[in-house]
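Colleague: Pasting the sequence and the predicted model now:
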Amino acid sequence: MKKALYAGIFICFGVVEALGAPLALPSTPYSYTVLDQDLAAALQEFGNNLNIRVNVSTEVKGRIRGRMPDLPPREFLERLINLYNLQWYYDGMVLYVSDAREAQSRLLVLSPINFDAFKAALDALKISDERYIVRAVPGDGLVFASGPPRFVALVEQTLKGLVAEAQARRNPSGSEKPPNDSVLMLFRGSSSVVVREGRPNDTPSPEASHQEDAVHKPDSTNK
């Protein structure tokens, strides 16, 4: 059953890019001499030298001044991450580097998926990352996810695929009326995110301006 479930994600939603692997880097020292260089350019050059595709967020700012010590590539990367308050996530094809302030948090409706099946799918697709959070909210049928944008996007995409596949199995002929959408409104400061069946809807909500991290079920008249 689980194999069919995962296959449904690939066929219907093309989550091919989620089939990642741990970031494998050589253990030999990475020698990088620079006197004054843009941080984003240095990260791109790091990827070019190691034959890794790198996506650097436009929010990554700063300059590297002075000589960097000769370190194994993983330690070199982690040194830059720590020095400049960054985060990185590798999806198996691209190394994404973002400013730590770009980290996102989401509360998502699991129904009709249970958390164990959802977590198993994330593990099987090699999306899970022990540095970032995916945990069940006790008793509410919700899951909390937090991490860099690419990680959170893949978590949401996976849930969307699982929900759609489960609904297709429950209503294969399409003759029955589909179930009502599961909707959450997540307020964060002056912005809000509507998560509908695992997919965020970024339409702003005017009443969000004075809420902070509050979660509500919208009325049916607001759908």
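Modeller: Sure thing, it's come through. Residues are numbered from 1 along each chain as shown.
Colleague: neighbours around residue 107, how many?
Modeller: 18 (other CB atoms under 10 Å). In this view, the C-beta of every residue, glycine as well, is placed from N, C-alpha and C.
Colleague: low pLDDT regions in this protein?
Modeller: 1-21, 34-35, 172-223 (pLDDT under 70).
Colleague: What ranges does it have for its helices?
Modeller: 2-13, 39-50, 73-83, 115-124, 149-170 (DSSP state H).
Colleague: Among these, which comes closest to residue 135?
Modeller: helix 115-124 (8.4 Å; CB to CB).
Colleague: Walk me through the domains of this protein.
Modeller: 2-18+102-170+181-216, 36-100 (automatic domain parsing).
Colleague: Show the end-to-end separation of the last one, please.
Modeller: End-to-end distance for domain 36-100: 23 Å, by CA to CA, to the nearest Å.
Colleague: Can you say which of the helices of the chain is packed in most?
Modeller: Ranked by mean neighbour count, these are led by helix 149-170 with a mean of 20 (mean count of other CB atoms under 10 Å).
Colleague: Run the angle between that helix and helix 115-124 for me.
Modeller: 120 degrees (axes from the mean of the first three to the mean of the last three CA atoms, to 10 degrees).
Colleague: re the thing from before, distance to residue 100 added to the helices of the chain, as a markdown table?
Modeller: Conversion of the helices of the chain to a markdown table gives the following (distance: least, CB to CB, whole Å):
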| stretch | distance to residue 100 |
| --- | --- |
| helix 2-13 | 29 |
| helix 39-50 | 14 |
| helix 73-83 | 9 |
| helix 115-124 | 22 |
| helix 149-170 | 11 |
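Colleague: and of the ones you listed, who's closest to residue 26?
Modeller: Among these, helix 73-83 sits nearest to residue 26 (CB to CB), with 6.0 Å.
Colleague: To residue 66, which of the helices of the chain lies closest?
Modeller: Comparing the helices of the chain under CB to CB, the one sitting nearest is helix 73-83, at 11.2 Å.
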